[in-house]
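Enquirer: Got a predicted model here, sequence first, then my questions.
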Amino acid sequence: MDFLLHQRIGVWMKQAGQLLLESLNESLHIEEKKSPRDLVTEMDRLVERFFRDKMQTYYPSHRMIGEEETGKHLQSTQGYLWLLDPIDGTMNFIKQKDKFAIMLGIYQDGQPLAGYIYDVIQDNYYYGLVGEGAYLNDVPLEPLPVNQLEDCLIAGNPFHFMDHEDAFFHIYRKSLGIRYYGSASFEIIGVLKGELGAYLSVGLQPWDFAAGYAICQALGFKVTTLDGLPPDILQASTIIFAPPLIHREIMSMVESTNK
């Protein structure tokens, strides 16, 4: 990972976060995308344009996929690719003014190089550099030890755990319970810190998992599909984030359920 690019991203994250903080007391223009539960604001688009402009100015050979406007038709992972969620947790941003984050993953030829999650309200900056480690506010992350599913909480949408014949249901029953924050970033953060044993999500978009995938890789955690394969950063997938022992236990339960 290019050190200057890493340093610049840290500055840009804080600058974009300040734009969001300043907007919290202003009247937002809110639009529906696919449903009343799928909203977008002018700030989502502003932050995406902010990062796209920085990329095009300083790294014109790089490409971006953003949640709102950028690169939706890209079909190749060749070269450097930025995957951006300008406001992860837009509903939280609108209704709670809390529990939202900026997420950015940097990839080269489809492989994770670095991931960044900025919790704007708490001013907590998580990042991981593959091969170098994961950090919170420049201090190495030291997650709480989590060794078995029955001793930990898991994260995910509760509706995904309701089918009694589904592996998700059996995973839920073996765990201590489910937590759901309405923001993939905070569920990933919970796994990174060891507050959650795993995060499972159906149909997670690339901009929702790219940053967390890279940080987990840097920390030595596992991120796979239900088939145990690395996620495709150009496609929505069902994704599991977990430390190695929990991931192994979950995959064993998935395989048993599918037999």
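Expert: In hand now; what should we look at?
Enquirer: Mind checking what secondary structure residue 201 has?
Expert: For residue 201, the assignment made with DSSP: H, G, I helix; E, B strand; the rest coil gives strand.
Enquirer: pLDDT score for it?
Expert: Looking at residue 201, its pLDDT stands at 93.
Enquirer: count of neighbours near it?
Expert: 22 (other Cβ atoms under 10 Å). C-beta here means a position set from N, CA and C on the backbone, and glycine is covered the same way.
Enquirer: now do residue 181
Expert: 17.
Enquirer: wait, isn't it in contact with residue 99?
Expert: Yes: under the criterion of Cβ atoms under 8 Å, residue 181 makes contact with residue 99 at 5.7 Å.
Enquirer: Check the contact lists of the two and give me the overlap.
Expert: 89, 92 (Cβ atoms under 8 Å, 6 or more residues apart in numbering).
Enquirer: just the strands in this structure please.
Expert: 30-35, 38-41, 63-66, 80-88, 101-108, 111-119, 124-129, 133-136, 139-140, 154-155, 178-179, 198-204, 222-225, 237-242 (DSSP state E).
Enquirer: quick check: domain ranges of the protein?
Expert: 3-140, 149-258 (the TED database).
Enquirer: ranking these by burial, who's on top?
Expert: Ranked by mean neighbour count, the domains of the chain are led by domain 149-258 with a mean of 19 (mean count of other Cβ atoms under 10 Å).
Enquirer: what sits against the closest residue to residue 195 other than its chain neighbours?
Expert: Excluding the flanking residues, the one nearest residue 195 by Cβ to Cβ, 6 or more residues apart in numbering is residue 144, at 6.7 Å. By Cβ under 8 Å, 6+ apart, residue 144 lies in contact with 193-195.
Enquirer: measure residue 144 to residue 201 for me?
Expert: Distance, residue 144 to residue 201, using Cβ to Cβ, to the nearest Å: 21 Å.
Enquirer: and what of residue 255?
Expert: From residue 255 to residue 201 the distance is 19 Å (Cβ to Cβ).
Enquirer: so where is the protein shaky, pLDDT-wise?
Expert: 30-39, 164-165, 259 (pLDDT under 70).
Enquirer: now do 80
Expert: 1, 26-41, 69-73, 163-165, 258-259 (pLDDT under 80).
Enquirer: could you pull out the helices for it?
Expert: Assigned by DSSP state H, the helices in the chain fall at 3-23, 42-58, 90-95, 167-174, 184-193, 206-219, 244-258.
Enquirer: Which among those is found nearest to residue 227?
Expert: The minimum distance between residue 227 and these falls on helix 244-258, with 8.6 Å, by Cβ to Cβ.
Enquirer: For the closest one, which helices and strands make contact with it?
Expert: Secondary-structure packing of helix 244-258 (3 or more Cβ pairs under 8 Å, 6 or more residues apart in numbering; DSSP states H and E): helix 167-174, strand 198-204, strand 222-225, strand 237-242.
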